[in-house]
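Trainee: what follows is a predicted structure for the sequence shown.
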Amino acid sequence: MVPHESRRATIALIGIDGAGKTTQATRLAEWLTTLGHPVRYRLAASGRRVLGNAARHLGRRDSVALLGPRMALRAETWLRHANLVAARNAPILVADRYDVCQYARTRMLYPAMEPWVRRRLSPHPDPDVTLFLEIPPEVAHLRVKERGIDHETVDELIALDAAYRSLPEAGEYVFVDANREPDTVSGDIRAEVRSALPGLFPGRALLSHGPLRRHRRVGISGIPHRRGRRLPRR
Ligand SMILES: Cc1cn([C@H]2C[C@H](O)[C@@H](COP(=O)(O)OP(=O)(O)O)O2)c(=O)[nH]c1=O
């Protein structure tokens, strides 16, 4: 069990590859640090990129082709868990990827394993705010291609995007339009964090643009409707 009771806040940034999670999580952690908060940034990586590169060296397309979906998902889940456990003492955690990233990937690749994955990752606290960086898969694909260190087809990104949206946790996402200038996206993320965690910003609550948000409901078959929030376009 991760001793997270003393944690003041967990902020998770999620979304498909190339959405800008690392860029924005780093910026958010830097900003909170400059405001004097005891923040830790953590990349909750699954090791998929490393495993994928190793697979390609061995002539396989990716880690799933090398290990099979079950073994690949098990390895990713344990690595993701280990990365989050390593940050367990963070008073405020900015998590670049979180449990739901593994749920989405599992649902896309091998849905029968989702209960196992959920059990393994269940010790982690629910995030106080989950920022889903929304981006058209075609745009994300171009970014990933330019990055040149991993490989995702548009179809894979479309499937992953759909998996994220199908999760029961989707009702708790704050949807951030990530297909804009990074500074604009960062500004919205800061405003959302202020709004979601007013305790961190005494005297600053009025700066929040929370009331301007549009609300929507996400319907998921067999799962009670929960509220998802989408930040306004600027
Ligand atoms: C945020 C952002 C990133 N990028 C680039 C930087 C990276 O090479 C790549 C992916 O960004 P990155 O932050 O690494 O995304 P993720 O962690 O979600 O995979 O896209 C842009 O071209 N424009 C942007 O607005």
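Mentor: Good, I have the coordinates. Numbers count the residues shown, from 1 in each chain.
Trainee: and this structure, which residues reach the ligand?
Mentor: 15, 17-23, 143, 147, 182 (C-beta under 6 Å from any ligand atom). Every residue, glycine included, has its C-beta placed from N, CA and C.
Trainee: do you have the strands of this protein handy? List them.
Mentor: Listed in chain order, the strands found in the chain under DSSP state E are 9-14, 39-43, 92-96, 129-134, 173-177, 214-220, 223-230.
Trainee: rank these by pLDDT, which is bottom?
Mentor: For the strands of the chain, the stretch scoring lowest in mean pLDDT is strand 214-220; its value is a mean of 30.
Trainee: quick one on the thing from earlier: now the residues of the chain next to the ligand in a markdown table, with pLDDT?
Mentor: Listed next are these as a markdown table, based on pLDDT from 0 to 100:
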| residue | pLDDT |
| --- | --- |
| G15 | 98 |
| D17 | 96 |
| G18 | 96 |
| A19 | 98 |
| G20 | 98 |
| K21 | 98 |
| T22 | 98 |
| T23 | 98 |
| R143 | 96 |
| R147 | 89 |
| P182 | 98 |
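Trainee: number of residues surrounding P168?
Mentor: Neighbour count for P168, taken as other C-beta atoms under 10 Å: 14.
Trainee: and G36, its phi and psi?
Mentor: Taking degrees, to the nearest 10, you get phi 90, psi 10 for the backbone angles of G36.
Trainee: I'd like the distance between it and R190.
Mentor: 15 Å (C-beta to C-beta, to the nearest Å).
Trainee: likewise for A44?
Mentor: From A44 to R190 the distance is 21 Å (C-beta to C-beta).
Trainee: of the two, which one has the most company?
Mentor: A44 (28 against 18).
Trainee: you'd agree the more buried one is up against A86?
Mentor: No. Taking contacts as C-beta atoms under 8 Å, A44 lies outside contact range of A86: 9.3 Å.
Trainee: if we can go back for a sec, just the buried ones from the residues of the chain next to the ligand?
Mentor: 15, 17-21, 23 (16 or more other C-beta atoms under 10 Å).
Trainee: okay, and which of the residues of the chain next to the ligand map to helices?
Mentor: Mapping the residues of the chain next to the ligand onto helices (DSSP state H) picks out 21-23, 143, 147, 182.
Trainee: put the alpha carbons of the helix ranked longest in the chain into CSV.
Mentor: Ranked by number of residues, the top helix in the chain under DSSP H is helix 69-85. What follows is helix 69-85 as a C-alpha-only set of coordinates in CSV (Å, rounded to 0.1, in the frame of the first residue of the first chain):
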residue,chain,number,x,y,z
PRO,A,69,-0.1,-8.5,-25.2
ARG,A,70,-0.5,-10.1,-21.8
MET,A,71,3.2,-10.1,-21.0
ALA,A,72,3.7,-6.6,-22.4
LEU,A,73,0.8,-5.2,-20.4
ARG,A,74,2.0,-6.9,-17.2
ALA,A,75,5.5,-5.4,-17.6
GLU,A,76,4.1,-2.0,-18.3
THR,A,77,1.7,-2.1,-15.4
TRP,A,78,4.5,-3.1,-12.9
LEU,A,79,6.8,-0.4,-14.3
ARG,A,80,4.1,2.3,-14.1
HIS,A,81,3.3,1.2,-10.5
ALA,A,82,7.0,1.3,-9.6
ASN,A,83,7.3,4.8,-11.0
LEU,A,84,4.4,6.1,-9.0
VAL,A,85,5.5,4.4,-5.8
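Trainee: now that helix against strand 39-43, angle please.
Mentor: 160 degrees (axes from the mean of the first three to the mean of the last three C-alpha atoms, to 10 degrees).
Trainee: can you point out the buried residues in helix 69-85?
Mentor: Within helix 69-85, the residues that count as buried by 16+ other C-beta under 10 Å are 69, 72-77, 79-81, 83-84.
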